[in-house]
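Student: when you get a sec, could you give me coordinates for this:
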Amino acid sequence: MTLTTDRPVNAGASPPEIRSPQLNIVVGAAGGLGRALVQTLLERRPSDLVLALSRSGALPAAPGLHQAPIDLTDEASIAAAASHARELRDSLAPGSIRRVIVASGLLHHADGLRPEKSMAALDAATLARLFAVNAIGPALVARHFLPLMPRDAPAAFAALSARVGSISDNRLGGWYGYRASKAALNMLIRTLAIEWSRTAKQSVCIGLHPGTVDTGLSRPFQGNVADSRLFTPAYAAACLIDVLDQLAPADSGKVFAWDGSEVPA
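Tutor: Residues are numbered from 1 along each chain as shown. Predicted structure coming up:
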């Protein structure tokens, strides 16, 4: 991947027609970006199915859309969602799951959880909670969903990461738990990519940085974001799907931003 333009090449263009229906899965589909990813996939691939997995909130019914519950902090829930995905996959054809996108993330919460401004604010329970959602949850999704994906055809697993998870790019400090959990996610993605490539040569396992998207996750922190860098969920979703569509196995294990540029480790 060498895209470095303000938005990906062919942004908004439909990919080549797929010969048979495929299954795309979005985890965290009830969030602002998750919903946009579901909508983008439904619009661009009307012959495909989309399985929207979320802990709360149902999406409006739409042709090709299937929904089921999932809780990233409960492995039994993840396993049950994978079983649902397997049944849906097998109703199409074995190996038809081609994309799994984990769009969940935790930065703050109405119950008082906020990014730490200094080490004095570090709290063990808060750190564990952030790691559970941002790193452990996506890793367990991979554990249960990667075995359902094809070994002899292109397949992609992606999880939403963040530039603040880059160790070499950290120049401001703060946000300890969020930064560390996203850095852990990036390492998990790299390690998963190495193992998965041994049996699925055409596979891609990556992190995706969507930029600053106008959703509930970023809303309290948008004050210093230029208008041109505050993206609508629909725009960010389109960019991420464009990037994902252009990846090759050599890109596996890396993290890419919405514009196709690689995020440093």
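Student: going forward, measure contacts between C-alpha atoms and count neighbours the same way
Tutor: Noted.
Student: could you pull out the strands for this structure?
Tutor: 23-27, 49-54, 65-69, 97-102, 155-160, 203-209, 212-213, 230-231, 255-257 (DSSP state E).
Student: and the longest one, what's buried?
Tutor: Neighbour counts over strand 203-209 (16 or more other CA atoms under 10 Å) mark 203, 204, 205, 206, 207, 208, 209 as buried.
Student: got a list of what the first one touches?
Tutor: The one in question is residue 203. 151, 153, 154, 155, 156, 196, 197, 248, 249, 252 (CA atoms under 8 Å, 6 or more residues apart in numbering).
Student: which of these are buried? Put it as a PyMOL command.
Tutor: Buried subset of these, written as a PyMOL selection, criterion 16+ other CA under 10 Å:
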select buried, resi 151+154+155+156+196+197+249+252
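Student: returning to that earlier point: to residue 111, which of the strands of the chain lies closest?
Tutor: strand 49-54 (19.9 Å; CA to CA).
Student: since we're on the residue nearest to residue 209 when sequence neighbours are not counted, how many residues are nearby?
Tutor: Closest residue to residue 209 apart from its sequence neighbours, by CA to CA, 6 or more residues apart in numbering: residue 257 at 4.4 Å. Residues near residue 257, counting by other CA atoms under 10 Å, number 24.
Student: now swap in residue 168 and tell me
Tutor: Considering only other CA under 10 Å, residue 168 is surrounded by 10 other residues.
Student: next up, phi/psi of it, please.
Tutor: Backbone torsions for residue 168, taken as degrees, to the nearest 10, come to phi -70, psi -20.
Student: offset the numbering so it begins at 325, please.
Tutor: Sounds good: first residue 325 from here, last item residue 492.
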